[in-house]
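**Student:** Task: produce atomic coordinates for the following.
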Amino acid sequence: MAIHNQVGKDGENLAAGYLLKKGYEILHRNWRYSFYEIDIIARKNNKLHIIEVKTLNETSAGFPEESVTKKKFKRLLNAADEFLYQHPEYRHVQYDILAITFKNNGEHEYFLIEDVYL
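**Tutor:** Predicted coordinates:
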């Protein structure tokens, strides 16, 4: 597995743990429809959260959340539309980005951007 793929997979595992500690119920991880994917679908306080996880090493240029472009967000919306079509019981939906930076000292920095719309 390529290093960037492993960083992404590790980030998604850390993201799930972080969200659980914050009171989220994880419903799905890596939910797929056609060629679309949602990293994490969770529920908290009767609200469905569609969460895009982005991870970078501290040595990388920029911040992980900067890699969520309008095109990427549009793909996330398309996937979410299908999920909501299949699960019409959800009325309140929020789109979030969870950015994780792997620090050189072995720690992780989390930055949750809530209620995003690009």
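
**Student:** Which residue, other than its chain neighbours, is closest to the residue most central in space within the chain?
**Tutor:** The residue lying closest to the centre of the chain (C-alpha atoms, centre = their mean) is residue 52, at 2.3 Å. Nearest non-adjacent residue to residue 52, counting by C-beta to C-beta, 6 or more residues apart in numbering: residue 97, 5.0 Å away. Placement of C-beta: from N, CA and C, glycine included.

**Student:** so how far is residue 58 from the residue of the chain positioned farthest from its centre?
**Tutor:** In the chain, residue 105 marks the outermost C-alpha relative to the chain mean, sitting 23.8 Å out by C-alpha atoms, centre = their mean. Distance, residue 105 to residue 58, by C-beta to C-beta, to the nearest Å: 9 Å.

**Student:** in which helix or strand would I find the residue nearest to residue 52?
**Tutor:** For residue 97, the host element (DSSP states H and E) is strand 93-102.
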